[in-house]
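Chemist: Compute the structure for the input listed below.
(chains A and B)
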Amino acid sequence: MSATGMSPFLGGSASRELPGRAPDDAQVPSPERDRGIVASVLDAAGNARGSGYNFAYLDEGTKRMIRRAILKAIAVPGYQVPFASREMPMPYGWGTGGVQVTAAILGQSDVLKVIDQGADDTTNAVSIRRFFAKTSGVATTTRTTEATVIQTRHRIPETPLTEGQILVYQVPIPEPLRFLEPRETETRQLHALAEYGAMHVKLYEDISRHGHIATTYAYPVEVAGRYVMDPSPTPKFDNPKMDDCPALQLFGAGRERRIYAVPPYTRVRSLDFEDHPFRVQEFTQPCALCGARGHYLDEVVTDDSGGRMFICSDTDICETRVAEAAR
Amino acid sequence: MYVAVKGGEAAIDNAHRLLAEARRGDPAVPELSVAQIREQMALLVDRVMTEGSLYDPDLAALALKQARGDVVEAVFLVRAYRTTLPRFGASAPVDTGTMAVERRVSATFKDLPGGQVLGPTFDYTHRLVDFALAADTASEPAAEAEPRADAGTCPRVTDLLAQDGLIEASPPDDGAPVGDLTREPVDYPADRALRLQALARGDEGFVLGLAYSTQRGYGRTHPFVGEIRVGAVAVEFVPEELGFAVPLGRVRLTECQMVNQFKGSGAAAPQFTRGYGLSFGQSERKAMAMALVDRALRAEELGEPVASPAQDQEFVLAHCDSLQATGFVEHLKLPHYVDFQAELELVRRLRAEFERKTETVEMQEAAE
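Modeler: The predicted structure follows:
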């Protein structure tokens, strides 16, 4: 492999000068300007190679830094690895951590699926999928079974994941203890000492006050018998899917600058008590579109007189079932 | 009947087109040029450069145009551009002692070498709307400064105080590489250089509010403005292959040196302490606020109790960045259907249990 053989897209930095900066020369035709960096980060016609950015946006040095953090995260399951999160062209809190993880692991032969709330067609999922389609040119899909990398916000697909797949979670607050202890210096020590008493007290207080554990999403889990981890704000319905999962699960928190991971086939246990075992949400009715039971459902308000219907939050499995039924 | 929400792609495209049209406004009104923004909205451009951590007036002006004048959005554009730029290295420290001073005021000495230079300031204007500005009238040309005997020498007030040992010495340059929070995640406790970087990038309004709180008793520092100076300084870089500094150009800076409450002990004579602020362009409010918060954040180092928000570095550093703050606040606009569904289910169950319990109690009471 030659020195520049790492990526055919290296060397884009030379063309990354801001073109056409002065308004005076705005009329001068320039192939540089045609790359459209001034008008938009991505040009409208844009294929990845013409975008003026490296493959999957991030430069190779940054990707290596992120990959090192990912490797460490895999080696210490559930441990939050600090990383030098970059400013991305989308806002913090909108998936910059997941986007950076995806950018660092994406290869040219990957097939990418992006979901938000379980759906491929929510606006933020569309936006992130487009971002990678344009900056990397990789194939995208809405089918869970076809994807090699799935970036998600708030859900785990209903279709069981398989070996070789990677699920990338967007994480807003990676620290499960943050709302019990706001200080990083403190929570770091609590993790180091595996001192998770405060979390159990919180869950116990829920039970004494409400009769139930009142945490319905971002429900804390213990990974590989050691670190307590925030599964990101997925409904606790999805927690059991994390346990012993054949796919690699990576978690990226851009604003908080943390990456953590659950390697394939790792024990992920939702915290609970012997007399108050962990339970997931149950829906009384099936999906109104595909008739599925045992899927997580979105409640849709159909009129202003109390009309409701419940449909699968996972649009891929719902559409697949509807199509199969029609055949 | 519910129709599955489809067409996110078309919606985004159309929203972007509408945004472009809204940005332009009434096409009958001439379009703003980047040069007009750079020249006539200069303080806004300075703020975007400061919080964007990139000295480039044209780029900041363009970002403001694209952002429809939204400061945080413009900072966002500049930062997202900056993060992709290759880094050749770090410049030599700029020497503000050799600044070509346009403005220099000290609140601690009536006169001093280099003099008091008022420069272009709003400070003593009466805030009366100048309706003449609505018509395009040429302003009166500025007066020419009388050359002073000591022109060219403008030592820093803190250096003058330091000669007599009245203020703590500036820590010597130990040659250690300076941290960069855009390249390494902050590891608390953060050193002063990193804190200053965070404050320089921090939102002006947030830093201002924190600074104000120290003046109202939440971490008092007894500050005096030793000096504020505004002007251009040379930026030099030492290429490894040359081994000596070559000038890259000049940047305009605002520097604020606060002189703060003294400390001393049986072992050390009393000395004033320092708070430091530095910003791009003319951003005095920011530089002063930064200096106040810098001093407040030194509480622990100086043996003062840490009890107020402005003294708490995790609180300040984790919340002063406008991009982080706006991103996370505004992400609440994104769909949260599945989490809300989970909460709905729980609240309904709890309400049902509550009603069952109430009914049982009522039935028991009726039976009794």
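Chemist: From now on I want contacts and neighbour counts done on CA atoms only, so please keep to that.
Modeler: Fine.
Chemist: What segments of chain A are strands?
Modeler: A:81-82, A:111-116, A:139-140, A:149-153, A:166-170, A:221-223, A:227-229, A:248-253, A:258-262, A:268-270, A:297-301, A:308-312 (DSSP state E).
Chemist: May I see those strands arranged in a markdown table, with mean neighbour count and distance to residue B:142 as well?
Modeler: A markdown table is the format used below for the strands of chain A (neighbours: other C-alpha atoms under 10 Å in any protein chain shown; distance: least, C-alpha to C-alpha, whole Å):
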| stretch | mean neighbour count | distance to residue B:142 |
| --- | --- | --- |
| strand A:81-82 | 19 | 53 |
| strand A:111-116 | 26 | 58 |
| strand A:139-140 | 18 | 61 |
| strand A:149-153 | 26 | 58 |
| strand A:166-170 | 27 | 55 |
| strand A:221-223 | 23 | 68 |
| strand A:227-229 | 25 | 63 |
| strand A:248-253 | 26 | 52 |
| strand A:258-262 | 29 | 53 |
| strand A:268-270 | 23 | 71 |
| strand A:297-301 | 18 | 66 |
| strand A:308-312 | 20 | 70 |
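Chemist: closest to residue B:175 out of those?
Modeler: Closest of those to residue B:175 is strand A:81-82, at 26.0 Å (criterion: C-alpha to C-alpha).
Chemist: So which residues make contact with the closest one?
Modeler: By C-alpha atoms under 8 Å, 6 or more residues apart in numbering or on different chains, the residues outside strand A:81-82 that reach it are A:69, A:70, A:72, A:73, A:257, A:258, A:259, A:260, B:185.
Chemist: any idea how far the fifth one is from chain B?
Modeler: This points to residue A:257. With distances taken as C-alpha to the nearest C-alpha, to the nearest Å, residue A:257 is found 6 Å from chain B.
Chemist: Neighbours of that residue, how many?
Modeler: By other C-alpha atoms under 10 Å in any protein chain shown, 21 other residues sit near residue A:257.
Chemist: repeat for residue B:85
Modeler: Neighbour count for residue B:85, taken as other C-alpha under 10 Å: 14.
Chemist: Mind pulling up the pLDDT for it?
Modeler: Predicted confidence (pLDDT) for residue B:85: 88.
Chemist: what about it, which helix or strand?
Modeler: Taking DSSP states H and E as the definition, one finds residue B:85 inside no helix or strand.
Chemist: And residue B:278, by the same measure?
Modeler: Going by DSSP H and E, residue B:278 is in strand B:271-280.
Chemist: I'd like to know which elements that strand is packed against.
Modeler: helix B:42-52, helix B:192-201, strand B:246-263, helix B:284-297 (3 or more C-alpha pairs under 8 Å, 6 or more residues apart in numbering or on different chains; DSSP states H and E).
Chemist: 6 Å instead, please
Modeler: Packing partners of strand B:271-280 (3 or more C-alpha pairs under 6 Å, 6 or more residues apart in numbering or on different chains; DSSP states H and E): helix B:42-52, strand B:246-263, helix B:284-297.
Chemist: Same question for the longest helix seen in chain B: list its buried residues.
Modeler: With residue count as the measure and DSSP state H as the assignment, chain B has helix B:337-367 as its longest helix. Of the residues in helix B:337-367, B:337, B:338, B:339, B:340, B:341, B:342, B:343, B:345, B:346, B:350 count as buried by neighbour count, 16 or more other C-alpha atoms under 10 Å in any protein chain shown.
Chemist: Check stretch B:70-84 too.
Modeler: Within stretch B:70-84, the residues scored as buried using 16+ other C-alpha under 10 Å are B:71-84.
Chemist: how many other residues sit next to residue 131?
Modeler: Defaulting to chain A. Residue A:131: 20 surrounding residues under other C-alpha under 10 Å.
Chemist: actually chain B
Modeler: Residue B:131 sits with 7 neighbouring residues when counted by other C-alpha under 10 Å.
Chemist: ok, it to residue B:37 distance?
Modeler: Going from residue B:131 to residue B:37 by C-alpha to C-alpha, to the nearest Å gives 21 Å.
Chemist: Also residue A:191?
Modeler: Taking C-alpha to C-alpha, one finds residue A:191 at 50 Å from residue B:37.
Chemist: Give me the more crowded residue out of these two.
Modeler: Counted by other C-alpha under 10 Å, residue A:191 and residue B:37 do not tie: residue B:37 has more neighbours, with 21 against 18.
Chemist: If I look at the more buried one, what pLDDT would I see?
Modeler: Per-residue confidence (pLDDT) for residue B:37: 97.
Chemist: now residue B:144
Modeler: If you check residue B:144, the pLDDT there is 79.
Chemist: Please apply the same query to residue A:30.
Modeler: 41.
Chemist: can you map out the strands along chain B?
Modeler: Using DSSP E, the strands of chain B run over residues B:100-105, B:224-237, B:246-263, B:271-280.
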